[in-house]
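# Curious how this folds, go ahead:
(chains A, B, C and D)
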4 protein chains.
Amino acid sequence: MRKLKMGMIGGGKNAFIGAIHRIAANMDGLVELHCGAFSSNPEISKESGKELFLRDEKCYNSYEEMIVTESLLPQDQRMDFVTIVTPNFAHFKPALMALDHGFHVLIDKPMTLTLDEAKQLQQKVKETGLVLCLTHTYSGYPMVKQARKMVADGTLGKIRKVMVEYNQGWLTSLSENDGNKQAVWRTDPSKSGIAGCMGDIGTHAAQLAEYISGLKITKLCADINIVVEGRKLDDDGNVLLKFDNGANGILVATQIATGEENALKIKIYGEKAGLEWHQMEPNSLIIKWPDAPTQIYRAGENYLSNIAKSNTRTPSGHPEGYLEAFANIYRNFALTLSSKLDGKEPTEAMLDFPTVDDGVRGMAFIENVIASGKSDQKWFDFKI
Amino acid sequence: MRKLKMGMIGGGKNAFIGAIHRIAANMDGLVELHCGAFSSNPEISKESGKELFLRDEKCYNSYEEMIVTESLLPQDQRMDFVTIVTPNFAHFKPALMALDHGFHVLIDKPMTLTLDEAKQLQQKVKETGLVLCLTHTYSGYPMVKQARKMVADGTLGKIRKVMVEYNQGWLTSLSENDGNKQAVWRTDPSKSGIAGCMGDIGTHAAQLAEYISGLKITKLCADINIVVEGRKLDDDGNVLLKFDNGANGILVATQIATGEENALKIKIYGEKAGLEWHQMEPNSLIIKWPDAPTQIYRAGENYLSNIAKSNTRTPSGHPEGYLEAFANIYRNFALTLSSKLDGKEPTEAMLDFPTVDDGVRGMAFIENVIASGKSDQKWFDFKI
Amino acid sequence: MRKLKMGMIGGGKNAFIGAIHRIAANMDGLVELHCGAFSSNPEISKESGKELFLRDEKCYNSYEEMIVTESLLPQDQRMDFVTIVTPNFAHFKPALMALDHGFHVLIDKPMTLTLDEAKQLQQKVKETGLVLCLTHTYSGYPMVKQARKMVADGTLGKIRKVMVEYNQGWLTSLSENDGNKQAVWRTDPSKSGIAGCMGDIGTHAAQLAEYISGLKITKLCADINIVVEGRKLDDDGNVLLKFDNGANGILVATQIATGEENALKIKIYGEKAGLEWHQMEPNSLIIKWPDAPTQIYRAGENYLSNIAKSNTRTPSGHPEGYLEAFANIYRNFALTLSSKLDGKEPTEAMLDFPTVDDGVRGMAFIENVIASGKSDQKWFDFKI
Amino acid sequence: MRKLKMGMIGGGKNAFIGAIHRIAANMDGLVELHCGAFSSNPEISKESGKELFLRDEKCYNSYEEMIVTESLLPQDQRMDFVTIVTPNFAHFKPALMALDHGFHVLIDKPMTLTLDEAKQLQQKVKETGLVLCLTHTYSGYPMVKQARKMVADGTLGKIRKVMVEYNQGWLTSLSENDGNKQAVWRTDPSKSGIAGCMGDIGTHAAQLAEYISGLKITKLCADINIVVEGRKLDDDGNVLLKFDNGANGILVATQIATGEENALKIKIYGEKAGLEWHQMEPNSLIIKWPDAPTQIYRAGENYLSNIAKSNTRTPSGHPEGYLEAFANIYRNFALTLSSKLDGKEPTEAMLDFPTVDDGVRGMAFIENVIASGKSDQKWFDFKI
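Residues are numbered from 1 along each chain as shown, chains lettered A, B, ... in the order given. This is a model prediction of the structure:
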């Protein structure tokens, strides 16, 4: 095993999510930043790389240059994978090119601008046998994995109801007009695609619901809203859900919930028990029983499943958070690549990260939920 | 002012809600139990009354006998109002008869079995000028009143989104077949009407949403479910909402949320601020700001509005609860009646209790939400 | 069984704790207000009684007049017990006189002004066989009773550590100089005795610690402070404790904890488990295990002990609070008196209220803790 | 600015705190692991280094070898600082040697085995002008820094009372006899020094109290206990405190609080406001007012002080935790060293990490608190 070499696309100076990716990549010492095309502006790319202690020659002028140049280096000197941290519209091309040149890919969600692009990437991954990892951060939390395991083990019995809500307040006003860089691209259809809020956070909520419950959404009925006047994409939505086992559900995603930070919460009810998890207090998993005291499962405890334990770095009571959840995705992805590089089969635990298939499903969610929102029809079949 | 005399219909031995009503009526010493027709079984009525320290002659064999007999007594010796604590199907007739004989009425919700009955009561109240009070308990909490006041004062700005959920787990299994008395009648269409969960708790959620927000539901899109096989009425539902000012919303009411107790929660978001209230921690009202720390308003504090303060009995930190909220309704009703008896106009604060109009609106909610649940149409106009 | 007749001493218009006592007495319909000497000012006594719907002749000019007059009435027409809700200094004489005239007594804490007076009352209770109930409200909470039961049952194993804190902020400034009526007498040695904070709330904390743990304080080491300049009695204190089984502990009572409401919290740790209870969220009891998830026991649930269940009026999720805890003391006291009146032995559950022995212990706590505070000696034997 | 080179002493395979240090050092990409003497066993040192992707020659057989060898390398090729992550007894010698050879030092707390050693290090730091950083992790949390800032700014007014408790349950049983590696050395006087619990976590509590309040402990009165039979060092203690401005306080540190994880909590009360912070929910700081709603300050929000903002990596609602707090210490230390290397004066924000002076104070706390525990004298002067 050796330290993996990462090439970064996007994430230049002042970019939000690029910095997060680097922390996540750094955390466990399994990955090193090898090179980058940090900006479409070559000068900014250089400066950004310099701040990250990269030599000049490893700061490329464009992702195309980076992919081509690196692909020509000997295997032990070139990057092992690219990480794509650009806005949505700039995911597809570099991902496809990287796969075409033999590089594994890690990419932010939503995976592409359209479902069609997503399917092309899925096809490419299939053909190349390379790995594409999608950073649905919230499925990286240990207590989310514990929840998924307990559902899979039947602790809750047959699942009957799923309630997921993702409430943010940062788009309460028309901040895209006040120069908020995040707001600008996330509310711009040419950068974000057909969905705003539903793409940005609705996809997270849907992925979390399916990840924990092990179920698939089969029908939905969406109320999609532009609440803040003058905005171009949805900033709010409420969605009725049906799952493949007959369970019902509700998904709320909103960015106009004034005063909310990043309040992703999920409740799942089965025949035997219920569970509750809040992203903002991520180290607790609440299990509710019909005839016994509610239990608080806590990250880092001995009684947890192996999958929860192996995605934790600290003993219980030493809180981990968002960056560690993010780092879990990087770590599992890195362990998987390392195994492959060493000619070994990755374990199931290593493979526990979202892939191109989640990316396709996420894009399908976006297309279905927006279509349902526009439709007068009550129940809308979830189509891929 | 004098102590008001209450005649109770229903609420015999082992009845749940009757005992609650008596505690609420007792609490402030403004009302005394004067007589009762506690059961359709005269023997049980007598025994029940005896346990409540009533003389035999004040334990009637039927509500008809009680209403007629009491109406023939001199005004200072007869009951001042009837309180009706029977199952839904047995609300309408005694209420109508009481009004017809000149008695004020306090009645549990939902007010009647059908919207049509509700409208008849509304008409009767209008004709007689008597008072009908409906025990939507949750609007009796001081912090709910504080929330309503803050919305009315514009603290939240224009309301944009209302999220209310009422999660219970007590009908997770088919307990109506195991002799659970509450479950038996509440899941029986002949006793409960066309709705189960939506009538029992959905109406509370809808009333709370409208009470705090000051808005009216104008459209809904309902997913109404019978989750537990073999049940005859809905035990679960998710409803998309539109309000008269254009705000959107979501209402969840479920009795199959395994392990939940009585988890009524509401979040309301306006242009300027958001609020959150949980019935199970009722003495806190959370106010969320876009650019300042979240605030926890607490019952009993000096900085609250008068309406919140006048519905509290203890200093802050001495928790009040469900029974005090219930008692607030009784107290405000009693103060209103006393004012009228004394020939005075009740104050706005005294009149702050749900009335026959809320009862009509609740029955309309039931009929609309059940109809929407059965319809393929997406948005359903809320009709009265 | 019949409704018990209560004679109230103190509690006139605008008095705080008198109103609380009346609510507690009213709540379960077992007690009726029969007469009162509500103030040392006869006019205020009359007015107060009138507001409480008492006839003029039942509003006495003094407690002496009330006790003598009532004692001359036939047994079924006179009061059954007196409730004493005056400031500390005016507890002893009326209590002694009531006992001397054959009346049971319910009295607020601390029981008297001095330990010596407390012992005299104890002696008188012993001689007369009458019942004296002391309103240590917090031991009336169902989850406190559940905690006590679990400790007694050995669920926690041998108790090793007790941490109790009672933090209030209402004396943060010199409010006794601003006409705050409660502050005036509670900080006045002639009204309150040798202790301020330690008498007012320290006694509650000590009683709660001993009640739940089943242990007795044997040694203490106190740091007693007057924090706000100009105050005459302690407003703050920290106390190291040793218990009779060797456990150690800590007791904090303060009234200068700015911004705190009525934050009485207790944590007890045994060899096998720990427990935690907060008065401001009283319906939860937290049980902590070394190797299993923390459990939240909830008031009103089926799995609780009988003693917890019989001190609850509502199903789980319908929060009860301070007034219900207070009412539990009244109810248990009333059931005990009723049993005695009916010639029956009260059950253990009925007898679960604080008595004259707790009153003596409370006064001993005050004298010991104040003496320790003044002493240079580290460990101080708890003497009675 | 360049990436700093770290040499690690201790922290070999399976060591707990060494792995934590590496994560903290990695996180921001400012530090790289350059070399190590990971174990007193050279073979383990090599293996450990290999797992960390170090070349063999950078895995030294002993810290002496490492310090000497590295000191002979050109400045741009040798390590910049050593990080010492061994048990307490093995802190002093390598720290002194490193300083003597011109290396900066980062070291775990408590700094040494005795106060005398601590003073020697303090003297050496003074002489050499090098930087010694001590990892009192909890002062690295952004909301702790916010608390300190608000106290310093006078938001709370004059501080009157400090309550700090640090409750753990992991030494509830005699786990040192069951091979728990952490328990073995931490309860062994030859490895830990004269204190167990007070050294391990009591020092953290004391440092946190002084860090936030800006006050110094001047007197204490300690109850120090060995609760679990057979243990050689204290596992529990309660301490009364006096501070230099006259404030009083209480410090509890215990490792026998069954079922507790890492429950470090602090409450500070001033004349104008109170504050509360819990390590297990570290992103909230609760501010309590006498006459206004309690406020929840949240990490990542715009309204925070610069010092809180500059120690946060994520937007509000994306929880950070223990590792980020730890990384803040590494980052501030690294920024300070980089500034010095670049010949610049570090900013006040960079210098915000615990130093050798905190180390001396921590060792003095240990010696004073243990001496007080053994003394019959009530108040014990805090001596250095």
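# what about A:Lys272, how many neighbours?
Residues near A:Lys272, counting by other CB atoms under 10 Å in any protein chain shown, number 16. C-beta coordinates here come from the backbone N, C-alpha and C atoms, glycine included.
# same question but for A:Arg160, I mixed them up
27.
# is chain C contacted by stretch A:257-270?
No - shown here: stretch A:257-270 not in contact with chain C (CB under 8 Å from any CB of the partner chain), separated by at least 15.2 Å.
# For that stretch, list every residue counted as buried.
Buried residues in stretch A:257-270, defined by neighbour count with 16 or more other CB atoms under 10 Å in any protein chain shown: A:257-270.
# Mark which of these are part of helices, please.
Secondary structure defined by DSSP state H assigns none of the buried residues of stretch A:257-270 to helices.
# Near chain D, which residues of the stretch 101-250 of chain A are found?
Counting by CB under 8 Å from any CB, the positions of the stretch 101-250 of chain A adjacent to chain D are A:168, A:170.
# Looking at the buried residues of stretch A:257-270, spot the one nearest D:Ala118.
A:Glu261 (41.7 Å; CB to CB).
# That closest one against D:Gly300, yeah?
Yes - using CB atoms under 8 Å, A:Glu261 is in contact with D:Gly300, at 7.4 Å.
# Now the common contact residues for these two.
D:315-318 (CB atoms under 8 Å, 6 or more residues apart in numbering or on different chains).
# any chance of these in JSON lines, with secondary structure and neighbour count too?
Listed next are the shared contacts of A:Glu261 and D:Gly300 as JSON lines, based on DSSP: H, G, I helix; E, B strand; the rest coil; neighbours: other CB atoms under 10 Å in any protein chain shown:
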{"residue": "D:Pro315", "secondary structure": "coil", "neighbour count": "18"}
{"residue": "D:Ser316", "secondary structure": "coil", "neighbour count": "20"}
{"residue": "D:Gly317", "secondary structure": "coil", "neighbour count": "22"}
{"residue": "D:His318", "secondary structure": "coil", "neighbour count": "23"}
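# filter those residues down to the ones close to chain A.
Answer for these near chain A (CB under 8 Å from any CB): D:315-318.
# will you turn the residues you listed into JSON lines that also has pLDDT?
JSON lines is the format used below for those (pLDDT from 0 to 100):
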{"residue": "D:Pro315", "pLDDT": "96"}
{"residue": "D:Ser316", "pLDDT": "97"}
{"residue": "D:Gly317", "pLDDT": "98"}
{"residue": "D:His318", "pLDDT": "98"}
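# could you dump those to JSON lines with distance to chain B?
Shown next, in JSON lines, are these (distance: CB to the nearest CB, whole Å):
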{"residue": "D:Pro315", "distance to chain B": "13"}
{"residue": "D:Ser316", "distance to chain B": "11"}
{"residue": "D:Gly317", "distance to chain B": "11"}
{"residue": "D:His318", "distance to chain B": "16"}
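# Closest one of those residues to C:Leu113?
Using CB to CB, those come closest to C:Leu113 at D:Ser316, 53.3 Å.
# what about that closest one, distance to A:Val369?
Using CB to CB, to the nearest Å, D:Ser316 is found at 27 Å from A:Val369.
# that older thread, closest to B:Met8 out of the shared contacts of A:Glu261 and D:Gly300?
Taking the shared contacts of A:Glu261 and D:Gly300 together and measuring to B:Met8 by CB to CB, the closest member is D:Gly317, at 50.3 Å.
# check contacts around that closest one.
D:Gly317 neighbours (CB under 8 Å, 6+ apart): A:168, A:260-263, A:279-280, D:298, D:300.
# Let me see the ranges of the helices in chain A.
Under DSSP H, chain A gives helices at A:16-26, A:42-51, A:63-71, A:92-100, A:115-128, A:142-152, A:181-186, A:189-192, A:197, A:203-213, A:306-309, A:322-341, A:356-374.
# now, of the ones you listed, which is deepest in the fold?
A comparison of the helices of chain A by mean neighbour count, using mean count of other CB atoms under 10 Å in any protein chain shown, puts helix A:197 on top with a mean of 28.
# outside of it, which residues touch it?
A:171, A:233-237, A:253-255.
# would a markdown table of those with neighbour count be doable?
Converted to a markdown table, these look like this (neighbours: other CB atoms under 10 Å in any protein chain shown):
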| residue | neighbour count |
| --- | --- |
| A:Leu171 | 27 |
| A:Leu233 | 23 |
| A:Asp234 | 26 |
| A:Asp235 | 28 |
| A:Asp236 | 27 |
| A:Gly237 | 29 |
| A:Ala253 | 31 |
| A:Thr254 | 30 |
| A:Gln255 | 27 |
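# List just the nearest of the residues you listed to chain C.
When the contacts of helix A:197 are ranked by distance to chain C (CB to the nearest CB), A:Thr254 comes first, at 27.1 Å.
# so what's that closest one closest to, chain neighbours aside?
A:Asp236 (4.2 Å; CB to CB, 6 or more residues apart in numbering or on different chains).
# what are the bridge partners for that neighbour, then?
Beta-bridge partners for A:Asp236, by DSSP bridges, are A:Asn225, A:Thr254.
# Let's have the ones next to chain A among the shared contacts of A:Glu261 and D:Gly300 in a markdown table, adding distance to A:Pro94.
As requested, these are exported to a markdown table (distance: CB to CB, whole Å):
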| residue | distance to A:Pro94 |
| --- | --- |
| D:Pro315 | 26 |
| D:Ser316 | 31 |
| D:Gly317 | 29 |
| D:His318 | 26 |
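# quick one: which of those is nearest D:Leu121?
Out of those, the member with the shortest distance to D:Leu121 (by CB to CB) is D:His318, at 38.1 Å.
# Quick check: most distant residue from the centroid of chain A.
For chain A, the largest distance from the centre (CA atoms, centre = their mean) belongs to A:Asp291, which lies 36.3 Å off.
# Roughly how far does it sit from C:Glu301?
When A:Asp291 is compared with C:Glu301 (using CB to CB), they lie 8 Å apart.
# Format the helices of chain A as CSV; extra columns: mean pLDDT and distance to D:Thr355.
Formatted as CSV, the helices of chain A follow (pLDDT from 0 to 100; distance: least, CB to CB, whole Å):
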stretch, mean pLDDT, distance to D:Thr355
helix A:16-26, 94, 26
helix A:42-51, 94, 28
helix A:63-71, 98, 43
helix A:92-100, 98, 46
helix A:115-128, 98, 52
helix A:142-152, 98, 34
helix A:181-186, 86, 38
helix A:189-192, 90, 47
helix A:197, 98, 47
helix A:203-213, 98, 42
helix A:306-309, 97, 36
helix A:322-341, 97, 27
helix A:356-374, 98, 47
